[in-house]
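Visitor: Sequence and predicted model, in that order:
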Amino acid sequence: MAYNLVVPVLAQRELGGGCFQLRLAAPQIAAEARAGQFAMVGLPDIDAMLIRRPFSVALVDPAPGAGTPAAFDIVYKVYGKRTLAFSHLRPGAELSVLGPLGRGFWLPEGDEAPELLLVAGGVGVAPFPLLLQSLTPAQRAKTTIFVGGRTADDLLLLDWLEGRAGRVVAATEDGSRGVKGFVTAPLAAALAAPADAGRIVMACGPTPMLRAVAALAEENGVPCQVSIEETMACGFGVCLGCVVQRRDPLGEFDRFVRVCTEGPVFDAREVRL
């Protein structure tokens, strides 16, 4: 169920590279959000911001002394004057929020937990903290997250990820931290190594990265889920502004899927990247 709310800002911190982590008090959304889902977030004054922006639910935070989630975080990068306005918000300010929305990541049913290979490019790291929160300790121990960026400033939430995933691998194009080169290089090495059990690749980031990750997974016969970012106006399938091509349509009226409702997470074999 999605909730349309005006909620207060609880906290905000700068992550570097023009990126921020914003915490919103929204128990209804925090309790129901699943990894990979998103929320449409905007300024309450419609004259100041007509169209809300989509952001992954990054993680949830429980109420003090309770086990129930009371707040959720988004991670965003300042691109224009609207997200710049977000960066100036302080505790007590209010935002308009619709969520949780869309289809998130999923795990196969069965007793044996697969090895998870998570691939994040820049702010594409956003959905993975919530995914790690949802896993058991045994599942987290079998999870590797590859975090890539142009420079070290683009590697977000590494302090949070360390100790929560079984392994964290950083990669930067300029070599300022971790492996020098694209994040797909250490992923390719991991996929080439023998596996004791099944594997799943889950990726979120720029489309060229998703395309490369999906190709590597397909070459190695590993299932791959990708979280796609597209321009959205409504977030619930009405405006049709976020459609992408289906890879193998069944007919003329099955050529496109809506990222906001059928996604944003897809089996990489479903869509053309």
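Guide: Okay, I see it.

Visitor: what's the lengthiest helix in the chain packed up against?
Guide: Longest helix of the chain, by residue count under DSSP state H: helix 207-219. Applying 3 or more Cβ pairs under 8 Å, 6 or more residues apart in numbering; DSSP states H and E, one finds that helix 207-219 makes contact with strand 115-121, helix 184-192, strand 199-204, strand 224-227. Bear in mind the C-beta positions are built from the backbone N, C-alpha and C, glycine included.

Visitor: who wins for proximity to residue 156 among the ones you listed?
Guide: Ranking these by proximity to residue 156 (Cβ to Cβ) places strand 115-121 first, at 8.1 Å.

Visitor: any idea how this protein splits into domains?
Guide: Domain segmentation of the chain under automatic domain parsing yields 3-101, 115-226, 228-273.

Visitor: Compute the first-to-last residue distance for the longest one.
Guide: Domain 115-226 has an end-to-end distance of 16 Å (criterion: Cα to Cα, to the nearest Å).

Visitor: picking up where we left off before, so for residue 108, which of the domains of the chain sits nearest?
Guide: domain 115-226 (7.5 Å).

Visitor: And the strands in the stretch 1-150 of the chain?
Guide: In the stretch 1-150 of the chain, strands defined by DSSP state E, counting those that start in this stretch lie at 3-16, 19-25, 38-42, 53-56, 59-62, 69-77, 94-101, 115-121, 143-149, listed in chain order.

Visitor: what lines up beside the second one in the sheet?
Guide: What it means is strand 19-25. When pairing is defined by DSSP bridges, strand 19-25 lines up against strand 3-16 (antiparallel), strand 69-77 (antiparallel).

Visitor: ranking these by burial, who's on top?
Guide: Counting by mean count of other Cβ atoms under 10 Å, strand 69-77 has the highest mean neighbour count of the strands paired with strand 19-25, with a mean of 22.

Visitor: That one vs strand 94-101, what angle?
Guide: 100 degrees (axes from the mean of the first three to the mean of the last three Cα atoms, to 10 degrees).

Visitor: What sits closest to the spatially most central residue of the chain if chain neighbours are left out?
Guide: Geometric centre of the chain, nearest residue: residue 127, 2.8 Å, by Cα atoms, centre = their mean. Excluding its sequence neighbours, the residue lying closest to residue 127 (Cβ to Cβ, 6 or more residues apart in numbering) is residue 56, at 4.3 Å.

Visitor: quick one, what contacts the one you found?
Guide: Shown in contact with residue 56 (Cβ atoms under 8 Å, 6 or more residues apart in numbering): 36-38, 74-75, 126-127, 130, 204, 227.

Visitor: That's all I had, so thanks and see you.
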